[in-house]
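A.B. asks: sequence and computational prediction follow.
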There are 4 protein chains.
Amino acid sequence: MPEVLFRIDLNKPMDEQETPGHNRWHPDIPATVSVNPGDIFRVECKDWTDGQISNNDDPSDIRDVNLNRVHVLSGPIWVNGVEPGDLLVVDILDIGAIQGAEWGFNGVFDKQNGGSFLTEHYPEALKSVWDFQGIYTTSRHIPGVKFAGIIHPGLIGTAPSHEMLAKWNQREKKLFDSNPDRVPTLANLPTPDSAVLGTLKGAEFDRVAREGARTVPPRENGGNCDIKNLSKGSRIYFPVFVKGGKLSLGDIHFSQGDGEITFCGGIEMAGWVDLHVDVIKGGMSRYNVINNPMFKPGPVEPHYSDYLVFEGISVDEFTGDNHYLDAHIAYRRACLNAIEYLKTLGYTGEQAYMILGTAPVEGRINGIVDVPNACCTVAIPTAIFDKDILPKPNRQ
Amino acid sequence: MPEVLFRIDLNKPMDEQETPGHNRWHPDIPATVSVNPGDIFRVECKDWTDGQISNNDDPSDIRDVNLNRVHVLSGPIWVNGVEPGDLLVVDILDIGAIQGAEWGFNGVFDKQNGGSFLTEHYPEALKSVWDFQGIYTTSRHIPGVKFAGIIHPGLIGTAPSHEMLAKWNQREKKLFDSNPDRVPTLANLPTPDSAVLGTLKGAEFDRVAREGARTVPPRENGGNCDIKNLSKGSRIYFPVFVKGGKLSLGDIHFSQGDGEITFCGGIEMAGWVDLHVDVIKGGMSRYNVINNPMFKPGPVEPHYSDYLVFEGISVDEFTGDNHYLDAHIAYRRACLNAIEYLKTLGYTGEQAYMILGTAPVEGRINGIVDVPNACCTVAIPTAIFDKDILPKPNRQ
Amino acid sequence: MPEVLFRIDLNKPMDEQETPGHNRWHPDIPATVSVNPGDIFRVECKDWTDGQISNNDDPSDIRDVNLNRVHVLSGPIWVNGVEPGDLLVVDILDIGAIQGAEWGFNGVFDKQNGGSFLTEHYPEALKSVWDFQGIYTTSRHIPGVKFAGIIHPGLIGTAPSHEMLAKWNQREKKLFDSNPDRVPTLANLPTPDSAVLGTLKGAEFDRVAREGARTVPPRENGGNCDIKNLSKGSRIYFPVFVKGGKLSLGDIHFSQGDGEITFCGGIEMAGWVDLHVDVIKGGMSRYNVINNPMFKPGPVEPHYSDYLVFEGISVDEFTGDNHYLDAHIAYRRACLNAIEYLKTLGYTGEQAYMILGTAPVEGRINGIVDVPNACCTVAIPTAIFDKDILPKPNRQ
Amino acid sequence: MPEVLFRIDLNKPMDEQETPGHNRWHPDIPATVSVNPGDIFRVECKDWTDGQISNNDDPSDIRDVNLNRVHVLSGPIWVNGVEPGDLLVVDILDIGAIQGAEWGFNGVFDKQNGGSFLTEHYPEALKSVWDFQGIYTTSRHIPGVKFAGIIHPGLIGTAPSHEMLAKWNQREKKLFDSNPDRVPTLANLPTPDSAVLGTLKGAEFDRVAREGARTVPPRENGGNCDIKNLSKGSRIYFPVFVKGGKLSLGDIHFSQGDGEITFCGGIEMAGWVDLHVDVIKGGMSRYNVINNPMFKPGPVEPHYSDYLVFEGISVDEFTGDNHYLDAHIAYRRACLNAIEYLKTLGYTGEQAYMILGTAPVEGRINGIVDVPNACCTVAIPTAIFDKDILPKPNRQ
């Protein structure tokens, strides 16, 4: 087992850990650990909510979750010799659960506190709990479904520079200000409330807490991309914006459907990640990897061969209005179509929604030019069900 | 070889074919051929432009294409015993090129005549010609690239009812009217210009030509979904809106990247499709397949295992503005990132753009809830290149 | 469509074709057609028996087949500039059925005339007829089974030199002589009976007919390898033993299980193959490809993900004797185990046997060192059946 | 983490473990632990040699290994309610390395002490040591090779009945007696030397040690099948011969090529396996699973798509003699061909041999009826090498 750089005690909040992590992006959060290019090490992570959700049948903890506390990350990790303009190469060698905590949760946030992709359809908080049995998971809340997880860190990224942080805060403020009273909110602006900032203290803590970008959106540094395919064996090439790179990660998902449509989230868990790091000096300009990370997925994703696929187009389901090549709406309609189909198998809409949020479903942008309708699809592996889910023709 | 229901002469326009097809959606276009559930038959199709594009190096035919002529479809095909409320089951048994026409084209429309997904970046018409060598294709315009096509009809669908047609025309008119002068247009409204309507003649032709919906967008009947995975071996379940179902198809692609981002389009070709049809009586309500078709992909898609993946987030590349969970922009940024990377391999931006439009690249919606940024990815199979395209770490 | 080098009339025997092929290996069979490295061309092929088997329900044609007539091959094809010591690179670009002959047959030879892998268990001739529906096939003789074929030429090879031919004839004679009365025979020695030798005539025909090696076994030149994975998109590297290489092929299978255990054979068919050829000068010694061809499979084999796998060990099922690391017996036991299981689903042993001979089942050598038992497996894709074939635990 | 039924101390031999295992098959070895159908539990296992091999560069420990000590197994495990005639359903939920022992070894036995598949070509002992980095492994002894392991227990099985044990001993004795002086031996007969028999003591130990079958070969109970695809997520159906089933396992491989041709073995390691057990009452006769286990592989095997494939036929490489449909020789020739090719890349024959023994190479029986030559292939995934291993045509 590689050396553990961050060790987690599940009974303590993130700011009381032996090596406290952070839940804001800021270049001035100190890196308390360092590694060399070529090193292999382990990072333990708490679940993204810092332990706010319990293994029970009551979704009130989802409903009342303190969203200013998310995402608690392990990091930053300083990589010696890494400088702005380099590419930080990160191999995800393996991922697993913390011993004794082999379970996770999927939730749908309440419309009043976070919301979700289908919040107009499912406005109330929901929760399902998933037990891990080796590579498989099942939930007592969704019978007849079992699948191999495609485990991944939902959030992994390098630290922003001061300039990049300023840009983030400015553009998100601008969006927020365009409709400040919207529920759910258009953007989560910096707030000192519930901030965790590693070993920072005093005035410096206060300043960084005021300035630090929230971890919710994916950004130029990677961050909360929630890409289910960043699983075991992946190699990620991160742009580097600050000296040392300052890598952080967390928000481990045992599995997730494309889009993470339930928002809270895939199957959320505490866990560990084994990493190998390396550097490509000057790689950002050499390879034009400037705006976002690039990656090569690993070879051990569960491979399902049979899918049932649902289409959606960019026509709003409430108004009937056409929206010009809007892939968001098209994907929403595809997901709603899938849910309606799953209902005919005996699932409630809520259960079907959580299946789409947790199982390794594929969300694709199929047509994005056929004016005015985008076409998106959501593909469900049929083998995750314990019965045949295909329709039966009158004549085979 | 199954019986050929529609036979195509590539030297004649669609309205002069033995069995003329159509290029508008309308319930009153007569079905001149009929089949029974359980039947297997072949349908030949012209390329979607009705032969306007030539196998040469000059993109002026793309620039000047008559877009009122698209898409010329073979159909409608009447399926005996099929009624509104049923599901029409269509198996795509095989697809191939017309003998002697084993080539296709990919184009980027000019911003003034159609545009494309990246029209602000690549506003001028482009063209690449692709030669088919069995399952593989190469283009003299894009050296060093060779891949197995994932051949499919870009467009396949049932006929709308009068009510559905009226709804389409109304909602698209509403969108068009919101910015009638926009270039490219927000929606293509009905126009008698260049209409092809099967065997219709006289006043009935004129009426249907005025009313018939354009074939450009995907809609409730399937239509121009441009789903690359509707390939050999797929089974599609279509909602039925009119008696006989009235199935039509065309717009065959030898291959296409997800999104069909070049718009004109994947690798466009004339060809034939072998179909098997069946019916599930009352299937729409039984299975809640109401809004769009559903399908099961076939088992012989080319299987690549190594991909290089590019991420994009919903921040506009010109203004730097955040757009709330906008998957369209996120996918555009992912594609632009991929193009910038491919440039470092020696491709021009135009070539890279056409690689994304033609090769079996995967476009995914990865995160659609992480306020305010959607995260989309485009994944390029590395094996389509004749050299190693991965970056090289300083230390392996 | 590429130029057709060999054109087949299914109503004529091989020696009466426009360009007659051959059914013996001999360096002196003249090449009547030639191609250049880089060329693409089509070769049509009769079924391996030269049309002896009919599309009916009576296996007597299998029982009485003239095995001296097999395999009728299209070729030899001369490749300009190719010399002994080179590697002949052959790309299988595509394969298909002859129009109007979209069917094939699978047979089990009678023990008295050919035999088969399980001839002691199934000594009598059997036949099943398979209809092709695009990429899929079904048989009226084996209900409830449907699969995508992994189409391939069972036989493809270069011509032997005189020296190699002499070696073949000598070693096979030696084996034959070790038990000349065995039924089925240990080896098929040269015989003029039913020989087809291209355009050869007179005394030269007689000499070559007496000397020519039978096409039954795979040998150093490739030949009748019956490798199901030599399918569309494969690239084969053949050792070259004579000037011009003299490539020949035939014995097309719509599908075959590993081992081709029924012997007659996979799903046998007439068809066409599109080829591309190239040469690596001096490649045999440069790459040590001396003894047999080497190949890279194509990317469009049907991909099934769920298999049910049966094991076998090298203990004779009649005597109970152990045979030292005998993979032949181990695979036979695995196949017998699979057949016994399939019987519990309602199939007869004969049907089960033919499923293993035709469907894309995988035959593996798993352990070949665990003294004294070899372990082999046969893996059946579960999706080829129209029902769930897995056992059901008492407790799920 | 599930409850640990067997806990291993790597510093102690198997007979001194807290719960000692065994290295012989005998129905009278007591089961000291029991589980219920439906239970999930963990079993830790020593490497198969009981720790005889060291992590160094000296193969003398391979050469001098005490083969009477193998395979040390964890078990037997009693499953309550299981009786002869039932099928014992075993799910392999997950497998991993013992913390602090993330390495394994591959060896080739000396011809005088065990031998191997190619012992006539490589008669001397060889060793390579492999380090595990998450899902990947590399060896300092074989540069330029890295792959994802397909981890599996090489040995897992139920206990034989007294009748079955007698049959095993009799048939193996008969084989041994046919050539008792052969080196390597034809069969390993029972021997009290180095026997480990759980908690047995005294006269009972002596009796069982004299009678107990060696664990080397796969047999009706499963046992040492060395099937690389019995990896994470597999479900195995074992025939049950004694009350309680008495499941044992060990011989964990981080990876192995089909055939385990180096004999010692794949990449051998100590580790843990998480299991779930269930029962199908009366399943042996209901499903005709009588002679050997049957299994369904799991969904997370590493998936490589590009292979280079080497063929072999059943002609002896020393004598040039034909051997009638001998898959053992055909596979040996295929492996030798692969080794000769790998030499042209700069590997020694010894390194190439160990690549075939460790990497996830596929060994197939392709043709087993084409008298007199069997055709076997070995397929090497090209992505395990850090450079392109394909030959280059003169003309691309």
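C.D. replies: Everything's here; your move.
A.B. asks: output the below-cut-off pLDDT ranges for the stretch 251-396 of chain A.
C.D. replies: Where the stretch 251-396 of chain A drops to pLDDT under 70, the residues are A:394-396.
A.B. asks: and the helices in it?
C.D. replies: Taking DSSP state H, counting those that start in this stretch as the criterion, the stretch 251-396 of chain A carries its helices at A:283-287, A:327-343, A:349-358.
A.B. asks: could you look up the SS state of the nearest residue to residue A:285 once chain neighbours are set aside?
C.D. replies: What sits nearest to residue A:285 in space, not counting adjacent residues and going by C-beta to C-beta, 6 or more residues apart in numbering or on different chains, is residue A:85, at 6.6 Å. All C-beta atoms are positioned from the backbone trio N, CA, C, and that covers glycine. Look at residue A:85: counting by DSSP: H, G, I helix; E, B strand; the rest coil, its state is coil.
A.B. asks: quick one on the thing from earlier: mind putting the helices of the stretch 251-396 of chain A in JSON lines, mean neighbour count included?
C.D. replies: As requested, those are exported to JSON lines (neighbours: other C-beta atoms under 10 Å in any protein chain shown):
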{"stretch": "helix A:283-287", "mean neighbour count": "18"}
{"stretch": "helix A:327-343", "mean neighbour count": "25"}
{"stretch": "helix A:349-358", "mean neighbour count": "25"}
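A.B. asks: would you turn these into CSV with distance to residue A:54?
C.D. replies: CSV is the format used below for those (distance: least, C-beta to C-beta, whole Å):
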stretch, distance to residue A:54
helix A:283-287, 43
helix A:327-343, 27
helix A:349-358, 17
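A.B. asks: among those, which is nearest residue A:68?
C.D. replies: Within those, the stretch nearest residue A:68 is helix A:349-358; the backing value is 22.7 Å (C-beta to C-beta).
A.B. asks: helices and strands around that closest one, which ones?
C.D. replies: On a contact count with 3 or more C-beta pairs under 8 Å, 6 or more residues apart in numbering or on different chains; DSSP states H and E, helix A:349-358 meets strand A:103-108, strand A:126-133, strand A:136-139, strand A:142-148, strand A:263-268, helix A:327-343, strand A:375-381.
A.B. asks: so how far is residue A:287 from the residue nearest to residue A:285?
C.D. replies: From residue A:85 across to residue A:287, the span is 11 Å (C-beta to C-beta, to the nearest Å).
A.B. asks: again, but for residue A:175
C.D. replies: Counting by C-beta to C-beta - residue A:175 and residue A:287 are separated by 30 Å.
A.B. asks: any residue of stretch A:122-136 touching chain D?
C.D. replies: Yes: residues of stretch A:122-136 are located near chain D by C-beta under 8 Å from any C-beta of the partner chain, namely A:133, A:134, A:135, A:136.
A.B. asks: then that stretch to PDB, C-alphas only?
C.D. replies: Taking C-alpha atoms only, stretch A:122-136 is exported to PDB below (Å, rounded to 0.1, in the frame of the first residue of the first chain):
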ATOM      1  CA  TYR A 122     -39.200  16.200  -8.200                       C
ATOM      2  CA  PRO A 123     -39.000  19.200  -5.900                       C
ATOM      3  CA  GLU A 124     -38.700  17.400  -2.600                       C
ATOM      4  CA  ALA A 125     -35.600  15.800  -1.000                       C
ATOM      5  CA  LEU A 126     -35.100  12.100  -1.700                       C
ATOM      6  CA  LYS A 127     -32.500   9.600  -0.400                       C
ATOM      7  CA  SER A 128     -31.400   6.100  -1.300                       C
ATOM      8  CA  VAL A 129     -28.600   4.200   0.500                       C
ATOM      9  CA  TRP A 130     -26.400   1.800  -1.400                       C
ATOM     10  CA  ASP A 131     -24.400  -1.100   0.100                       C
ATOM     11  CA  PHE A 132     -21.100  -2.100  -1.500                       C
ATOM     12  CA  GLN A 133     -20.400  -5.800  -2.100                       C
ATOM     13  CA  GLY A 134     -17.000  -5.800  -3.700                       C
ATOM     14  CA  ILE A 135     -17.400  -4.400  -7.200                       C
ATOM     15  CA  TYR A 136     -21.200  -4.400  -6.900                       C
END
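A.B. asks: average pLDDT for that stretch?
C.D. replies: Averaged across stretch A:122-136, pLDDT comes to 98.
A.B. asks: buried set for it?
C.D. replies: Buried residues in stretch A:122-136, counted by 16 or more other C-beta atoms under 10 Å in any protein chain shown: A:122, A:125, A:126, A:127, A:128, A:129, A:130, A:132, A:133, A:134, A:135, A:136.
A.B. asks: list the contacts of the nearest residue to residue A:315 once chain neighbours are set aside.
C.D. replies: For residue A:315, ignoring the flanking residues on the chain, the nearest one in space by C-beta to C-beta, 6+ apart is residue A:322 at 5.7 Å. If a contact means C-beta atoms under 8 Å, 6 or more residues apart in numbering or on different chains, then residue A:322 has A:314, A:315, A:372, A:373, B:171, B:172, B:174, B:175, B:187 as its contacts.
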